[in-house]
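1. A structural model of the following input is requested.
(chains A and B)
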Amino acid sequence: MKNGTTRRGLLKAGLVGGAGLAVGRVHAQVAPDPAITELQPWQQYLGPGVDAAPYGVPSPFESHVVRRNVPWLTADSVSSVNFTPLHELEGIITPNGLCFERHHGGVAEIDPGMHRLMINGLVDNPLVFTMEDLMRFPRENRTYFLECAANTGMEWRGAQLNGVQFTHGMIHNVVYTGIPLRLLLEEAGVRTNGTWILPEGADASGMTRSIPMEKALDDCLVAFAMNGERLRPEQGYPIRLVVPGWEGNMWVKWLRRIEVGDQPWHHREETSKYTDLLENGQARRFTWEMDAKSVITNPSPQAPITHGPGPTVISGVAWSGRGSIPRVDVTLDGGVNWVQARMSGPSFDKSMHRFYHEFDWDGRPLLLQSRAHDSTGYVQPTKDQLREVRGENSIYHNNSIQTWFVDENGQAENVEVG
Amino acid sequence: MNKVALSASALLMGIAVTAIAQETPAPSLDGGYGLGRTALPEEIAAWDIDVRPDGLGLPVGSGDVWTGEELFVDYCSACHGDFGEAVGRWPVLAGGFGTLEGEDPVKTIGSYWPYLSTVWDYVHRAMPYGSAQSLDDDQVYAIVAYLLYLNEVVEDDFTLSNENFTDVVMPNQDGFFPDDRAEVEFPLFIQDPCMTDCAESVEITMRAAVLDVTPDTAEDDGAAEQPTAVVEEAAAEASGPDPELLAAGQDVFRRCSTCHQIGEGAVNRAGPVLNGIYMATAGTREGFRYSSVMSDAGAGGLVWNDENLSAYLADPRGFLSGNRMAFQGLRSDEEIAAVIAYIRATGAE
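-> Just a heads-up that it's a prediction; the model follows:
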């Protein structure tokens, strides 16, 4: 692997002893292991005290676990995206510092004491809230995935980026604490002709999106915390909109205003962007819901199999903007034969799910795929099925089945099969 | 099949149990919680700047194509090119007609955007990039008029105003339809999938490694860490300038960094690299496309000493009319002194 960490080097070294043995313990130790027989510094010397890191950070041996950017994708890092390292994560929760970032005018650095939320438009009483006001409303805790509509958007025409972080990393899954938007709208009193809202960000791009009132009153939150702590600046501190199951661009960060209106605004991010151009030159608009999707995170190009044949764990994630994921299928042969994966961990609506498939690898090359089924019965389509309907120009909403080719050495590559 | 059904129902029970713990909604209160305060009309006016296709939200004003061209060259062309053709990967704003059905669609204001109000709203709320909401309403009308002209929607004698705004029809207004996935795709994808012997053979048809466009992770790390390291080094220099002044300058420089890079590894972007700019001759950074007035000023002997830099940063347009730097200028002498100190320290060659 490219970044060749010490940990991986050690794993690779272990492979030599194990290769070729089909049964029993695969490692026959020839000489005593110095990790056991030699006194290690941490066994002998005292470590740092309790306040060495008032805000804790991961082990230095995990320093390769970071968000990464694809510089050629965009003109400038202030209007760009980086990617969640899915191949390094476990369970269903994304740590706050690893949640992918997408900004349109850089990260707004906001003093919460100077932040206001305004509700205006078709309401009986236009209102202004301070952060202190907002903290007096009842709150809810909900776990939701946020996926950028452009996630996997570089793969429409074929296998392009060689790593699950880059093909699928525009997603994170977080426990939000927030105020139901319904309560704030009730406070202002939405008039009967108020059928749409326009949330607006306080950043230098003044992000806006039109959202139908039905969704706003259903399950949207004005969130101030993620995974138990205040939002990170890059995720909208001090408040962001949570629009469960719908494309990430609508989850307006640094939320400063909500206008109520009687028709959509057709702003930049819902016309020139986030519309899905089909082969006939016509474009779908208001494609809000994220279709069911899954991907195998391990092995994958950034996380090859380093242990050789024998017991092997396939791990992956699945999610749907329309409900939960009761089932994921996995194939080792590019889709000829499938088996049901084992689901593990909490299953919430519109949240990420974790699946595993354990098998005894015989060392032959693999063509790995996963296929999500959501609670509505929708089954994740193949790339060809999706291209049949949408062509190759739609950029957004590519939820097709991903294939990894794993060679006899365990190296993995992003491929397409036919 | 029984086994599958059993595990599925067990799973559903699991969801139901979790749901009970999670799903008690935050209660509404009759008459509301009485929190917040009434928004004043002036406050709503300050923030409610959005514009809709039917013209709701448009302020009174007007601007013509020629005024728009001058403004566009000054404020927009550094990223979008003089004619909306774009520099680097910044958005192309004009042309692209007839490409939407092709292999490489060019989605511009003329070829793709359905409504003119979107252009007005976006230019007004978010442009010029890095100096949002600095244009007055007539300037926005003029720039939008020029964008219509570049896209062959109007002639060069056109003046756009709130009066004639909704008469303008964009070429691709009818190019959009509502999400129809439920009708078109659900019948195809809501089906029991094949589990065994689903294909006779499977071949690899394309490989990402052949393309080789994935970022090299090791190099990425270096590039990402460099600017911070340089700043820290500069700030840590004991014999150098006042650290507080440098910190203030670094803060001011954030406004410059939309277009300018400085320090090790800096490259030309919308603006030239600023390494070694102090005491350099104007308009001479290699590989950067300057305005003719900037190149001429350099040829005429303009050097970026304290006096000239200060005057330029205070009023870029006033100092050198027709140059391309889309920046309003720094208001205070303190900010100017700080940012010059920062540029000198960080960009020393």
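2. Quick check: next helix or strand after the lowest-mean-pLDDT helix or strand in chain A?
-> The least trusted helix or strand in chain A, going by mean pLDDT, DSSP states H and E, turns out to be helix A:6-18, with a mean of 42. Next along the chain after helix A:6-18, taking DSSP states H and E as the criterion, comes helix A:34-37.
3. average model confidence for the next helix-or-strand element following that following helix?
-> For helix A:34-37, the succeeding helix or strand toward the C-terminus, using DSSP H and E, is helix A:41-44. Model confidence over helix A:41-44, given as mean pLDDT, is 94.
4. elements contacting the helix or strand following helix A:41-44?
-> Using DSSP H and E, the next helix or strand after helix A:41-44 towards the C-terminus is strand A:68-69. Contact partners of strand A:68-69 among helices and strands, from 3 or more CB pairs under 8 Å, 6 or more residues apart in numbering or on different chains; DSSP states H and E: strand A:82-83, helix B:217-236. All C-beta spots, glycine's among them, are computed from the backbone N, C-alpha and C.
5. Direction included, what does the first one pair against?
-> Sheet neighbours of strand A:82-83, with direction, are listed as strand A:68-69 (antiparallel) (DSSP bridges).
6. chain center to the strand it pairs with, what's the gap?
-> Centre-to-centre, strand A:68-69 and its host chain are 14 Å apart (CA atoms, centre = their mean, to the nearest Å).
7. Stretch A:88-106 too?
-> Taking CA atoms, centre = their mean, one finds the center of stretch A:88-106 at 7 Å from the center of the full chain.
8. To what extent is B:Gly271 buried, counted in neighbours?
-> If you count neighbours by other CB atoms under 10 Å in any protein chain shown, B:Gly271 ends up with 19.
9. Domain-wise, how is the chain divided?
-> Chain wasn't specified; assuming chain A. Chain A is divided into the following domains under automatic domain parsing: A:83-284, A:293-415.
10. sorry, should have said chain B
-> Listed by automatic domain parsing, the domain ranges of chain B are B:41-167, B:217-346.
11. what sits against residue 74?
-> Since you didn't name a chain, this refers to chain A. A:80-81, B:89 (CB atoms under 8 Å, 6 or more residues apart in numbering or on different chains).
12. um, chain B though
-> Residues in contact with B:Asp74 (CB under 8 Å, 6+ apart) are B:317, B:322, B:324, B:326.
13. quick one: it is in a strand?
-> No - under DSSP: H, G, I helix; E, B strand; the rest coil, B:Asp74 sits outside any strand and is assigned helix.
14. distance of it from B:Gly110?
-> Look at B:Asp74 and B:Gly110: by CB to CB, to the nearest Å, they are 22 Å apart.
15. And for B:Asn162?
-> Computed with CB to CB, the distance linking B:Asn162 and B:Gly110 is 22 Å.
16. quick one, which of these two is more surrounded?
-> B:Gly110 (22 against 15).
17. Need the pLDDT of the closest residue to the more buried one other than its chain neighbours.
-> Nearest residue to B:Gly110 in three dimensions, chain neighbours excluded: B:Asn151, at 2.8 Å (CB to CB, 6 or more residues apart in numbering or on different chains). If you check B:Asn151, the pLDDT there is 97.
18. For B:Asn151, the count of nearby residues, please.
-> Neighbours around B:Asn151, by other CB under 10 Å: 22.
19. and the closest residue to chain B within the stretch 101-250 of chain A, what pLDDT?
-> Scanning the stretch 101-250 of chain A for the residue nearest chain B gives A:Pro138, at 3.5 Å (criterion: CB to the nearest CB). Looking at A:Pro138, its pLDDT is 97.
20. Look at the nearest residue to it once chain neighbours are set aside and give its secondary structure.
-> In this structure, A:Pro138 finds its nearest non-sequential neighbour in B:Ala26, 3.5 Å apart by CB to CB, 6+ apart. Classification of B:Ala26 by three-state DSSP places it in coil.
21. Make sure B:Ala26 is actually in contact with A:Ile179.
-> Yes - here B:Ala26 reaches A:Ile179: they are 7.2 Å apart, a contact under CB atoms under 8 Å.
22. Give the residues shared as contacts by those two.
-> Common neighbours of B:Ala26 and A:Ile179 (criterion: CB under 8 Å, 6+ apart): A:137-140.
23. one step back: ok, and the most crowded of the contacts of B:Asp74?
-> Using other CB under 10 Å as the neighbour criterion, B:Ala326 leads these with 25 neighbours.
24. what sits against that one?
-> Here B:Ala326 is in contact with B:74-76, B:78, B:128-131, B:259 (CB under 8 Å, 6+ apart).
25. now it: how far from chain A?
-> In this view, B:Ala326 and chain A are 14 Å apart by CB to the nearest CB, to the nearest Å.
26. Which stretches in the stretch 201-349 of chain B count as helices?
-> All helices of the stretch 201-349 of chain B, identified by DSSP state H, counting those that start in this stretch, fall at B:208-211, B:217-236, B:243-253, B:292-299, B:306-314, B:316-319, B:333-346.
27. So the residue lying closest to B:Tyr278 once chain neighbours are set aside versus B:Phe327, what's the distance?
-> Leaving aside its chain neighbours, B:Tyr278 sits nearest to B:Arg344 (4.8 Å; criterion: CB to CB, 6+ apart). Separation of B:Arg344 from B:Phe327 (CB to CB) stands at 19 Å.
28. do the same with A:Leu117
-> Separation of A:Leu117 from B:Phe327 (CB to CB) stands at 31 Å.
29. Mind pulling up the pLDDT for A:Glu269?
-> For A:Glu269, the predicted pLDDT is 97.
30. Name the SS class of A:Ala372, please.
-> Per three-state DSSP, A:Ala372 ends up strand.
31. So what pairs up with it in the strands?
-> Under the criterion DSSP bridges, A:Ala372 forms beta bridges with A:Val328.
32. Verify the contact between A:Arg327 and A:Gly377 for me.
-> No - here A:Arg327 does not reach A:Gly377: they are 10.3 Å apart, not a contact under CB under 8 Å.
33. of those two, who's got more company?
-> Higher neighbour count among A:Arg327 and A:Gly377: A:Arg327, with 20 against 15, using other CB under 10 Å.
34. residues in contact with stretch B:284-292?
-> With CB under 8 Å, 6+ apart as the test, stretch B:284-292 has contacts from B:268, B:271-273, B:277, B:283, B:298, B:322-324.
35. So which residues on the stretch 301-418 of chain A come close to chain B?
-> Within reach of chain B by CB under 8 Å from any CB of the partner chain, the stretch 301-418 of chain A has these residues: A:301-302, A:324, A:326-327, A:329, A:333-340, A:343, A:346-348, A:367, A:371, A:376-381, A:385, A:389, A:392-393, A:405, A:413-418.
36. List only those of those residues flagged as buried.
-> Among these, the ones that count as buried by 16 or more other CB atoms under 10 Å in any protein chain shown are A:301-302, A:324, A:326-327, A:329, A:333-336, A:338, A:340, A:343, A:346-348, A:367, A:371, A:378-381, A:385, A:392-393, A:405, A:413-417.
37. For chain B, what's the nearest residue on the stretch 251-400 of chain A?
-> A:Gly334 (3.5 Å).
38. pull the CA atoms of stretch B:302-315 into PDB?
-> Extracted C-alpha coordinates of stretch B:302-315, given in PDB (Å, rounded to 0.1, in the frame of the first residue of the first chain):
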ATOM      1  CA  LEU B 302       6.500  50.700 -10.800                       C
ATOM      2  CA  VAL B 303       8.100  48.900  -7.800                       C
ATOM      3  CA  TRP B 304       6.100  47.400  -4.900                       C
ATOM      4  CA  ASN B 305       7.800  49.500  -2.100                       C
ATOM      5  CA  ASP B 306       5.900  50.400   1.100                       C
ATOM      6  CA  GLU B 307       4.400  53.500  -0.400                       C
ATOM      7  CA  ASN B 308       3.100  51.900  -3.600                       C
ATOM      8  CA  LEU B 309       1.900  48.700  -1.900                       C
ATOM      9  CA  SER B 310       0.000  50.800   0.700                       C
ATOM     10  CA  ALA B 311      -1.700  53.000  -1.900                       C
ATOM     11  CA  TYR B 312      -2.600  50.000  -4.000                       C
ATOM     12  CA  LEU B 313      -4.000  48.000  -1.100                       C
ATOM     13  CA  ALA B 314      -6.000  50.900   0.100                       C
ATOM     14  CA  ASP B 315      -7.700  51.500  -3.300                       C
END
